[in-house]
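J.: only the shape, not the letters, is given here:
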């Protein structure tokens, strides 16, 4: 058994960051204080009023993209992990080196990094690419959200091997155990609280909540006992593509992450963070990481495109979807709209989780907004208003499954809500992609029989809502799909 399989769930660790820092794809749009968008496709049809809230712009800090890429791929932003030799011996050397890294990292999987722990010991720890890179048709893409995470088991059980092996090899009072200990504590706190019902969804929100529950809001020091008890319930999410971030005025599906995006990225390091001194060091480097992320572009659709059909689809898209999702091309514009739940009607559990006042939510927002993250220079403020952001659709063809909870396997299903499968199963083979329907090949099941089957009847896993494509005819829907391939 590979000793690090328990973390191959890959999803926000920038999502850890990007839940402080995380695709509700094809989400339409509006507002109480803002506007009401009216879609009137044909005069004789009933008009649809979509309530939206404009998301205010926040100036972001500027950094060095080249330095940011280097820090992202090889930087010392984790402070604890598995001793380097133990990791390599337990997993073997990975010679693929898709990131072209050098030194210790040349033989480490792309989603892990060899770093120097706070006590000087060389260790291996997960990096942001655990969640924010993936493969489609065997092509490795930085910024494509991981779509094959497996949080269906308690991964802390597998740390038991490390908990025995490290003291046995190095000694119970060794520097190697000290360098591993915080990593162990964090995993053992997170794992039992982040178990999902299906494979392919992410738990970044819950991971963030667990880590916050164990850290002092001002000093960021770890407490073995949580400051607030969290329920076992997990609301699943999907990992948004990084290349969309440069267009957004807020982060997270409910757009609650406001002001400084860089501060949110430190959340990834909360797994092993030592104190505010290390946090301040990380804050300086995440400015460069954000600059690098903003250079990422969506991958091009690899198959042939029917340009005439796509032109027809563009006209249909611009007459309906563009109001919320924006326009594309040389003069494209993205409106940054938060869509009310009553309008989009997608699964409400994620949004409601943060707008419902509970002991946990009160602690969570107070922790961020009045502690180190919210009170230092360039603060991150969390402002839950309800609803979901209508995201940009660049590279939408590659980002299946869809909606904020990964409940819809293809774009064709997104545009025809009545055809969405209640139970669907995929192979999790990166080659098993449907370039016609735009999404993962799947089979329709009668019930959930294993972890690879997505059950949309579960709380938080619903695939309803976003019914705006239902009014398209079959031919119109094909045209819109053809246009979406061009984005």
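T.: Nice, I can see it. Since we're looking at a predicted model, the values are computed, not measured.
J.: where does this structure have its least confident helix or strand?
T.: When each helix and strand of the chain is scored by mean pLDDT, DSSP states H and E, helix 14-20 comes last, with a mean of 37.
J.: which residues of the stretch 201-350 of the chain fall in strands?
T.: Using DSSP state E, counting those that start in this stretch, the strands found in the stretch 201-350 of the chain span residues 257-259, 337-339.
J.: tell me where the stretch 251-400 of the chain has helices.
T.: Listed in chain order, the helices of the stretch 251-400 of the chain (DSSP state H, counting those that start in this stretch) span 261-265, 276-293, 307-319, 322-325, 341-344, 349-355, 359-370, 372-375.
J.: same for the second one, what does it pack against?
T.: Put plainly, it is helix 276-293. Using 3 or more C-beta pairs under 8 Å, 6 or more residues apart in numbering; DSSP states H and E as the contact criterion, the secondary-structure elements in contact with helix 276-293 are helix 65-74, helix 261-265. The way it works is simple: take the backbone N, C-alpha and C, and place the C-beta from them, glycine included.
J.: quick one, which of these is packed in tightest?
T.: When neighbours are counted by mean count of other C-beta atoms under 10 Å, the highest per-stretch mean among the helices and strands packed on helix 276-293 falls to helix 261-265, a mean of 28.
J.: residue 183 falls within a helix, correct?
T.: Yes: secondary structure assignment (DSSP: H, G, I helix; E, B strand; the rest coil) places residue 183 inside a helix.
J.: excluding its backbone neighbours, what's nearest it?
T.: Nearest in space to residue 183, with sequence neighbours left out and distances taken as C-beta to C-beta, 6 or more residues apart in numbering, is residue 80 at 4.1 Å.
J.: my guess is that neighbour contacts residue 117. True?
T.: Yes: in terms of C-beta atoms under 8 Å, residue 80 counts as a neighbour of residue 117; the distance is 5.6 Å.
J.: shared neighbours of these two, anything?
T.: Between them, residue 80 and residue 117 share these contacting residues under C-beta atoms under 8 Å, 6 or more residues apart in numbering: 123, 179.
J.: so which strand or helix has the spatially closest residue to residue 309 that is not a sequence neighbour?
T.: In space, not counting the residues next to it along the chain, residue 309 is nearest to residue 482; the distance is 4.3 Å by C-beta to C-beta, 6+ apart. Of the helices and strands defined by DSSP states H and E, residue 482 is found in helix 474-484.
J.: give me the buried positions along that helix.
T.: By neighbour count, and taking 16 or more other C-beta atoms under 10 Å as the criterion, the buried residues in helix 474-484 are 476-484.
J.: redo those as a markdown table? Include pLDDT and distance to residue 142.
T.: Listed next are the buried residues of helix 474-484 as a markdown table, based on pLDDT from 0 to 100; distance: C-beta to C-beta, whole Å:
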| residue | pLDDT | distance to residue 142 |
| --- | --- | --- |
| 476 | 98 | 35 |
| 477 | 98 | 32 |
| 478 | 98 | 31 |
| 479 | 98 | 32 |
| 480 | 98 | 28 |
| 481 | 98 | 26 |
| 482 | 98 | 27 |
| 483 | 99 | 26 |
| 484 | 99 | 22 |
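J.: among these, which one lies nearest to residue 158?
T.: Using C-beta to C-beta, the shortest approach to residue 158 within the buried residues of helix 474-484 belongs to residue 484, at 39.9 Å.
J.: need the nearest residue in space to the spatially most central residue of the chain, chain neighbours excluded.
T.: The residue lying closest to the centre of the chain (C-alpha atoms, centre = their mean) is residue 239, at 2.7 Å. Across the structure, with C-beta to C-beta, 6+ apart as the measure, the residue nearest residue 239 apart from its sequence neighbours is residue 145 (2.7 Å).
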